[in-house]
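*Asks:* Model the structure of this input:
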Amino acid sequence: MRRLTLRLAGTIFAVMFLVAGLPLLPSQTADRSPAQHQEMQDFRQFLAAHPWIANKLRENPSLANNKGFLHDNPELPQFLDAHPFVQSSFRTDANGVMSRAQQGGRRFESPQEAKEMQDFQQFLSNHPWIAGKLRENPKLANEEGFLKGNHELPQFLSSHPYVKSQFRADPNGFMDRARAVEVGDAYQNAYDPHASEYEALKLFMEGHKWIGNQLKDKPSRATNADFLKDNKELRDFLLAHPFLQDQFRQDPNRTVDRALQSVGQAF
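*Replies:* Modelled structure (predicted):
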């Protein structure tokens, strides 16, 4: 009996050793390289441009590995063949891929929350010592001693209730999200292949404020034949920008949102 117990213990330790030595699956890690991050950014854009496929994958992410589904939707295998990181991640953890893709979408429930996060990024940039301490130990944002010795932080938190509530609920998770937003925005600005198209739309809306306000109120007007007939400038602009014309047809709300992200308070 003693010999059997020792043999069983040895087997368990051997299995634990082997498991510990296994590399992490792609879905168990963050997008650690610019190439991997860019693939996830491309995938989010693919989902936005193909809403029917996106809805099916949200319902059942494993369809990305289903030969029948891939055959019936050739755009998806074409995309996956050109994006090996996303393809391999679907094979190892399809649910995880879709979860991460959706997390990279709308990150805030309201414009106020987005504004507070932007202010928090600026606060960290202006107070590097506090930023370093919070990155080391996010729970310091809830400790009276740290707040008393760094009065700028409690002053900021008092005027930013969303940030304050997030620190109280999950300080580690909130700092992780803050870093993800910072890095994600930097990558998006650096690698988005269509950034110039949205910048052109931004400039057009700023230069044609009445049309801009009409699109902001109801983005689908960009696909309305009567509205385009009455607003020749918009029609001509879209004819000169076929990518934006296609994006308006696919998802007009998201197209205007992308432009408004860089418009700021222009309206």
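*Asks:* Would you indicate which residues of the helix or strand hosting residue 257 are buried?
*Replies:* Following DSSP states H and E, the helix or strand that holds residue 257 is helix 252-263. Buried residues in helix 252-263, counted by 16 or more other CB atoms under 10 Å: 252, 254-256, 258-260, 263. From N, CA and C alone the C-beta is placed, and that goes for glycine too.
*Asks:* One more: stretch 74-93?
*Replies:* For stretch 74-93, burial by neighbour count (16+ other CB under 10 Å) applies to 76, 79-80, 83, 85-87, 89-91, 93.
*Asks:* quick revisit: elements contacting the helix holding residue 257?
*Replies:* helix 195-207, helix 209-217, helix 242-250 (3 or more CB pairs under 8 Å, 6 or more residues apart in numbering; DSSP states H and E).
*Asks:* if we can go back for a sec, for residue 43, state which of the buried residues of helix 252-263 is nearest.
*Replies:* Nearest to residue 43 among the buried residues of helix 252-263: residue 254, at 15.0 Å, using CB to CB.
*Asks:* Now do the contacts for that closest one.
*Replies:* By CB atoms under 8 Å, 6 or more residues apart in numbering, residue 254 lies in contact with 48, 247.
*Asks:* Just the pLDDT for it.
*Replies:* Looking at residue 254, its pLDDT is 87.
*Asks:* Likewise for residue 96?
*Replies:* Listed pLDDT for residue 96 reads 78.
*Asks:* Equivalent analysis for residue 71, please.
*Replies:* For residue 71, the predicted pLDDT is 93.
*Asks:* And the nearest residue to residue 198 once chain neighbours are set aside, how far from residue 243?
*Replies:* Excluding its sequence neighbours, the residue lying closest to residue 198 (CB to CB, 6 or more residues apart in numbering) is residue 258, at 4.8 Å. Note on residue 258: its distance to residue 243, by CB to CB, to the nearest Å, is 12 Å.
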